[in-house]
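>>> here is a sequence with its predicted model. Questions after.
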Amino acid sequence: EGKPSHELKISFAVDSLKILPKTHLAAMRMLDPDGLARLAWERPLAIVESVLQPGQPGPTPAWLEEQLVGNGTLTPADWKKWWATCRAELRKDPRFDAPTRKTQAISFQAAASSEADRLDSVYFNTASFGDKLKAIESFIRTVESNPNQVVGQHQKLSRVISDLAQRVAHHKKKDAALTFQALIFANQLLEMHQLTHATEQEAEVLNENQYLLDLEGDALADLIDGVNSSLRRRILQRLSILRPDLWLDQCLELVPLLGAQAFETILETACSDAVPDHLATRLLSIIRQNEVSPETLLAIVRNYRPDHPLFGSISGTELFQASLRVLQAGTLHDGPAPRGQKRLYDAISGPALQGLIEGLSP
C-alpha cells in the first residue's frame, strides 16, 4: 500500500505501464492476429524489428516462440520452420548477431540507425519545407540500395511522415510542385518499411492520386511546369490512368500556360489510340488563335508527326503560318527577341523552312 511498485495499485499504471505502438508484436497479436501471421511468413525479420528498443537487449528465441506459438499464430511444427528461416536471415544481416541458444538475446548493432537518426535530426531542425524535402530525398537515396539501414527505425520514419502530412495539408494550395514532391517522398518512406505506418487521416492527406484528381486549371499547369521531366512524366502517366477519357483534353486546355518541355511530355504520353478527333481540332484552334508561346509552338514544330492523331487536323503549312504570326507579333516589341522566338525562327528558316513545307505538308 502506498508504494508505486505495488502490482495491484491501478492508479500507478500511468507511471509503470508503457503504451505499445500498433506495430509491436504484442499489440499485433491482440489487434491483428491474421496480419501478424502473414507478416511472420512474409518478413520474419520484421517480427524481430517490431520489438527492438534502443539501449535494450533484443528478444530471445524462447520469448518469440512463446509469443507466436502461445497464441496460435504458429503451430509448434511451423515454429521450427519459421525460426530456421528467421535465423538464416539474421545471419545474412551484418547488423544482427544470431543467437546460438534459445535463451540468448538477439543482438542488434545500434549503428544501423544512423541514417534514420540523421534524417530525424535534420528534418526537425530545418525550417524550410523545401529543405525538409531535400533531407528526405537524401535519406532515400542513401538507404534505397541497403534497406537494412532502416531496421528498427519505423517509429522515427512514422514521426517524419506524420509531420509531413500536416505540412502537405498546409501547402497543397500554395505550391503544387513542392506538395507533389512531398507526396512522393512520403509514400516512398511508407513503402520502405512495412512497419512504418500512417494514420487513416494522414493516409488520406498523402493520397497522391486524389491530389492529382483535385487539381485543375492554373494549379495543374503550375504543377506540370514546375517539376522536373521525370516527375512530369509520372504526373501525366498517372493522369492518363486516373482520367483516361479526360486527361488529354484537360492538358490541351492548359497548352497556353505550359512551356515547351511540358508539351513535349504530353505528346510522349498521348497514346495513338486514345486521341479523340475533337482534341486535334482543339489544338488547331489554339494554334490559329495565337494562344501559344514561341517556346510551345517550337515544341509543336519539332514534334510534328502527320501520323499522330493529335496532329490530324494540322498541316505543315498551317504550322508555318502560325510560326510567322508569332514571329511577326514579336517584332512589335522593342529590345532583343526572346530566346524562344530566336529558336522558332531558326526552326523554320533556311533548310528547315523547306523541310517544314515539303516534309510536313500533306
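Done, it's in. Numbering: from 1, shown residues only.
>>> contacts and neighbour counts: CA atoms only from here.
Will do.
>>> looks to me like Asp131 is in a helix.
Yes. Membership of Asp131 in a helix is supported by DSSP: H, G, I helix; E, B strand; the rest coil.
>>> shaky segments in the stretch 151-300 of the chain?
Along the stretch 151-300 of the chain, segments meeting pLDDT under 70 span 151-152, 193-197, 245, 255-260, 263, 268, 270-282, 284, 286-296, 298-299.
>>> all helices for it, in order.
Here the stretch 151-300 of the chain has its helices, by DSSP state H, counting those that start in this stretch, at 154-171, 176-192, 200-205, 208-214, 217-226, 229-242, 247-253, 260-269, 277-288, 294-303.
>>> export these to JSON lines and tack on mean neighbour count and distance to Gln109?
Listed next are the helices of the stretch 151-300 of the chain as JSON lines, based on neighbours: other C-alpha atoms under 10 Å; distance: least, C-alpha to C-alpha, whole Å:
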{"stretch": "helix 154-171", "mean neighbour count": "18", "distance to Gln109": "16"}
{"stretch": "helix 176-192", "mean neighbour count": "20", "distance to Gln109": "20"}
{"stretch": "helix 200-205", "mean neighbour count": "14", "distance to Gln109": "31"}
{"stretch": "helix 208-214", "mean neighbour count": "15", "distance to Gln109": "36"}
{"stretch": "helix 217-226", "mean neighbour count": "19", "distance to Gln109": "42"}
{"stretch": "helix 229-242", "mean neighbour count": "17", "distance to Gln109": "37"}
{"stretch": "helix 247-253", "mean neighbour count": "19", "distance to Gln109": "50"}
{"stretch": "helix 260-269", "mean neighbour count": "19", "distance to Gln109": "47"}
{"stretch": "helix 277-288", "mean neighbour count": "18", "distance to Gln109": "60"}
{"stretch": "helix 294-303", "mean neighbour count": "21", "distance to Gln109": "55"}
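>>> so which of the ones you listed is nearest Ala98?
Closest to Ala98 of the helices of the stretch 151-300 of the chain is helix 154-171 (C-alpha to C-alpha; 21.4 Å).
>>> which elements pack onto that closest one?
Secondary-structure packing of helix 154-171 (3 or more C-alpha pairs under 8 Å, 6 or more residues apart in numbering; DSSP states H and E): helix 114-124, helix 176-192, helix 200-205.
>>> mind checking which of those helices is nearest Tyr304?
Tyr304 sits nearest to helix 176-192 of all those, at 28.5 Å, using C-alpha to C-alpha.
>>> and the closest one, what does it pack against?
Going by 3+ C-alpha pairs under 8 Å, 6+ apart, helix 176-192 lies up against helix 129-143, helix 154-171, helix 208-214, helix 217-226.
>>> now the angle between helix 129-143 and it, please.
Going by axes from the mean of the first three to the mean of the last three C-alpha atoms, to 10 degrees, helix 176-192 is angled at 30 degrees with respect to helix 129-143.
>>> ok, and the closest non-adjacent residue to Asp97?
In this structure, Asp97 finds its nearest non-sequential neighbour in Ser107, 5.0 Å apart by C-alpha to C-alpha, 6 or more residues apart in numbering.
>>> can you count the residues close to the one you found?
Ser107: 18 surrounding residues under other C-alpha atoms under 10 Å.
>>> pull out the buried positions in the host helix or strand of Leu39.
Counting by DSSP states H and E, the element that carries Leu39 is helix 33-42. By neighbour count on 16 or more other C-alpha atoms under 10 Å, the buried set for helix 33-42 is Pro33, Leu36, Ala37, Leu39, Ala40, Trp41.
>>> ok, Pro33 to Ser50 distance?
Pro33 is 14 Å from Ser50, where distance means C-alpha to C-alpha, to the nearest Å.
>>> actually Ser162, sorry about that
The value you get for Ser162 to Ser50, if C-alpha to C-alpha is used, is 19 Å.
>>> now the helices of the stretch 151-300 of the chain in TSV, with distance to Asp78?
Putting the helices of the stretch 151-300 of the chain into TSV (distance: least, C-alpha to C-alpha, whole Å) gives the following:
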stretch	distance to Asp78
helix 154-171	27
helix 176-192	28
helix 200-205	33
helix 208-214	39
helix 217-226	51
helix 229-242	42
helix 247-253	51
helix 260-269	49
helix 277-288	60
helix 294-303	61
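>>> that older thread, pull the helix holding Leu39 out as PDB, backbone CA atoms only.
Presented in PDB, the C-alpha positions along helix 33-42 are these (Å, rounded to 0.1, in the frame of the first residue of the first chain):
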ATOM      1  CA  PRO A  33      -3.600 -11.800 -35.400                       C
ATOM      2  CA  ASP A  34      -4.100 -12.600 -39.100                       C
ATOM      3  CA  GLY A  35      -1.900  -9.700 -40.200                       C
ATOM      4  CA  LEU A  36       0.700 -10.900 -37.700                       C
ATOM      5  CA  ALA A  37       0.700 -14.400 -39.200                       C
ATOM      6  CA  ARG A  38       1.100 -13.000 -42.700                       C
ATOM      7  CA  LEU A  39       3.900 -10.700 -41.700                       C
ATOM      8  CA  ALA A  40       5.700 -13.600 -39.900                       C
ATOM      9  CA  TRP A  41       5.900 -15.700 -43.000                       C
ATOM     10  CA  GLU A  42       6.500 -12.800 -45.500                       C
END
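>>> what is that helix packed up against?
helix 25-31, helix 44-49.
>>> which residues are contacting that helix?
Leu25, Met28, Arg29, Ala46, Ile47, Thr73, Leu74, Trp82 (C-alpha atoms under 8 Å, 6 or more residues apart in numbering).
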